[in-house]
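Participant: Predicted structure and sequence below. I'll ask about it afterward.
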Amino acid sequence: MEFKIHGSDQDSKARAGEILTDHGKIETPIFMPVGTAASVKGVHQTELKNDINADIILGNTYHLYLRPKTDILQKAGGLHKFINWDRPILTDSGGYQVYSLSNTRKIKEEGVKFKSHIDGSSHFFSPEYSMEIQRKIGADIIMAFDECTPYPCDYGYAKRSMHMTHRWLNRCTDYLAQNPEIYDYKQTFFPIVQGSTYKDLRKQSAEYIANARAEGNAIGGLSVGEPAEEMYAMTEIVCDILPEDKPRYLMGVGTPINILENIALGVDMFDCVMPTRNARNGMLFTAHGTINIKNKKWEDDFSPVDEMNITFVDTLYTKAYLRHLFAANEYLGKQIATIHNLGFYLWLVREARKHILAGDFYTWKNTMVNQMNKRL
């Protein structure tokens, strides 16, 4: 993998770059649609490529391990071939999903024992096994196995967890050094900064991860319930320490406003289920605020779904029709809303990139934040 910085903003720490992988180019800042179980919900791969124009999508190791199972993916030739996707893919390590199974998992130094949410069967992830699974899935960018701490989190627990995450990182790198890629392309490994919302722990973890000299780095353990101001404070501390010449990935973030504020702090990569999950519940994101398309006020509004015409669905359908589809519980409504929201997220980061290169990102960002912080 190669990372090049093409420009930076004069009034913030935002930068515009380019990641080169064996499956293609990723222009940053970038948002990655989440394909939890080998599918971005409600969207065809052709729509992801041709209409939303996603440079990269994300897969979840935990879910792919359980279904369709790792051996099926390996027999298919890896996740790219299994889903017919020829652009980059990133996989998480399973750490966050295991974190979310707090009632059915047990964490030890050796790894994590957990029960499947599908059938209750018992499984065990060690750092080494997470790397083995990700080798077989075959994503272009793979993540270190870590523990994601909850919020709020006791300082002592956060410290112990952080040090264990660092030890797990060493085990991940040892495994990867001894077990090369399975397919005919390179995989890039990102370690993950932890430390909850404690400044000294975040600083210590960022320094440890920076010293690992990986090709890219991730920031985990945020967007788990903490106030946005704490997220931004932790991100700023970490971005000031992580190397400038490597991409920075803020995991699981977030709202359009979260994304712009974190771009201003130096983050390059984002993912979140919010645009797809909220779409299925009738919430649309626009440059002028959010829309609950289920509201009666849209019943006879025959204007386009979004006047900016960001995606093809915005030009084809009206708000009144989309509201009708939700009222009638038609699947098409969720699909239209999903395509719109993902298209908007990708439009937003690409507009951010344009303004970074033009040198006026900070002013534009502040205007957009004010506009988007409204309910229409």
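Facilitator: Noted; the coordinates are in hand. Numbering: from 1, shown residues only.
Participant: Which strand or helix spans residue 113?
Facilitator: If you go by DSSP states H and E, residue 113 is part of strand 111-115.
Participant: name the helices or strands packed onto that strand?
Facilitator: Applying 3 or more CB pairs under 8 Å, 6 or more residues apart in numbering; DSSP states H and E, one finds that strand 111-115 contacts strand 105-108, strand 122-125. Using the backbone N, CA and C atoms, a C-beta is placed for each residue, glycine as well.
Participant: Using PDB, write out every CA atom in that strand.
Facilitator: Provided in PDB are the C-alpha atoms of strand 111-115 (Å, rounded to 0.1, in the frame of the first residue of the first chain):
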ATOM      1  CA  GLY A 111      -8.200 -14.100  23.700                       C
ATOM      2  CA  VAL A 112     -12.000 -13.900  23.800                       C
ATOM      3  CA  LYS A 113     -14.500 -16.700  24.200                       C
ATOM      4  CA  PHE A 114     -18.000 -15.700  23.000                       C
ATOM      5  CA  LYS A 115     -21.300 -17.200  21.900                       C
END
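Participant: Wait, residue 57 touches residue 32, no?
Facilitator: Yes - at 5.9 Å, residue 57 and residue 32 qualify as touching, with contact defined as CB atoms under 8 Å.
Participant: Overlap in contacts, these two.
Facilitator: residue 90 (CB atoms under 8 Å, 6 or more residues apart in numbering).
Participant: what's the distance between the nearest residue to residue 336 once chain neighbours are set aside and residue 133?
Facilitator: Leaving out its chain neighbours, the residue that sits closest to residue 336 by CB to CB, 6 or more residues apart in numbering is residue 313, at 4.7 Å. Residue 313 sits at a distance of 35 Å from residue 133 (criterion: CB to CB, to the nearest Å).
Participant: Next: residue 142.
Facilitator: 9 Å.
Participant: When those two are compared, which one has more neighbours?
Facilitator: Neighbour tally, residue 142 and residue 133, criterion other CB atoms under 10 Å: the higher count belongs to residue 142, 25 against 22.
Participant: thinking again about what came up before, quick one, which of the helices and strands packed on strand 111-115 gets closest to residue 235.
Facilitator: Minimum separation from residue 235 across the helices and strands packed on strand 111-115 (CB to CB) falls at strand 105-108, 25.2 Å.
Participant: just checking, what packs against that closest one?
Facilitator: strand 111-115.
Participant: Relative to the strand it packs on, what are the paired strands and their orientations?
Facilitator: Strand 111-115 has its sheet partners listed here by DSSP bridges as strand 105-108 (antiparallel), strand 122-125 (antiparallel).
Participant: which residues sit against it?
Facilitator: For strand 111-115, contacts defined as CB under 8 Å, 6+ apart pick out 98, 101, 104-106, 121-127, 129, 145, 147.
Participant: who wins for most neighbours among these?
Facilitator: Going by other CB under 10 Å, residue 145 tops the contacts of strand 111-115 with 30 neighbours.
Participant: Mind splitting the chain into its structural domains?
Facilitator: What automatic domain parsing lists as the domains of the chain is 30-272, 274-376.
Participant: Mean pLDDT and distance to residue 3 for those - can I get that in CSV?
Facilitator: CSV is the format used below for the domains of the chain (pLDDT from 0 to 100; distance: least, CB to CB, whole Å):
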stretch, mean pLDDT, distance to residue 3
domain 30-272, 96, 5
domain 274-376, 97, 15
